[in-house]
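Student: After the sequence you'll find the predicted model.
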Amino acid sequence: MAVHDLLNTLSKVKQTGANRWIACCPAHQDRRPSLTITEKDDGMVLLHCWAGCGAAEVLGAVGLEFDALFPPKQDDHRGKPIRRPWNPADVLQVMAFEATVVRICAGDLYAGKPLNEAEKQRLITAMQRLEVAAEAVNG
């Protein structure tokens, strides 16, 4: 599937750079765009909902499956797959966002405001993502 087929199913799509877009996430009530879409050089499509929706939720909301994010396999490809590294700027952007989630929750707790169940779950998700990133860096 081409990235444009996915973009055609979304609302408030805006191109933010070469092969990068932002749109309203179809998996939750989104008033302002919170879903980033990136098409990599090899045709793979990356999705990230800044409100915390998973790729499966986003794809399910528009009637697609995970294979829609990957280019069709070439039958004549016999070489070793090319492993492309993560873009460090993208990784830092995600880590900064997750750190902001943790900071907000910590501020609320410090101020005596208890977290509701959704906030607790989002805090856990942020901590897990930061832990995975730290493990990847530390080996």
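Tutor: Yep, that arrived.

Student: what's the helix or strand for the spatially most central residue of the chain?
Tutor: Taking Cα atoms, centre = their mean, the centroid of the chain lies closest to His48, which sits 1.6 Å from it. Using DSSP states H and E, His48 maps to strand 45-49.

Student: Give me the helices and strands touching that strand, please.
Tutor: Contacts defined by 3 or more Cβ pairs under 8 Å, 6 or more residues apart in numbering; DSSP states H and E place strand 45-49 against strand 35-39, helix 55-61. C-betas here are computed from N, CA, C, even on glycine.

Student: most packed of the ones you listed?
Tutor: strand 35-39 (a mean of 21; mean count of other Cβ atoms under 10 Å).

Student: Helices of this protein, residue ranges please.
Tutor: 3-7, 55-61, 88-110, 117-138 (DSSP state H).

Student: Would you map out the domains in this structure?
Tutor: Under the assignment automatic domain parsing, the domains of the chain span 3-69, 88-138.

Student: With respect to burial, which of those scores highest?
Tutor: Comparing the domains of the chain by mean neighbour count (mean count of other Cβ under 10 Å), domain 3-69 ranks first with a mean of 16.

Student: What mean pLDDT does it get?
Tutor: Across domain 3-69, the average pLDDT comes to 89.

Student: Mind naming the longest strand for this structure?
Tutor: Determined from DSSP state E, the single longest strand within the chain is strand 11-17.

Student: Measure how the strand holding His48 sits relative to helix 88-110, angle-wise.
Tutor: Interaxial angle, strand 45-49 versus helix 88-110 (axes from the mean of the first three to the mean of the last three Cα atoms, to 10 degrees): 20 degrees.

Student: Good, wrapping up.
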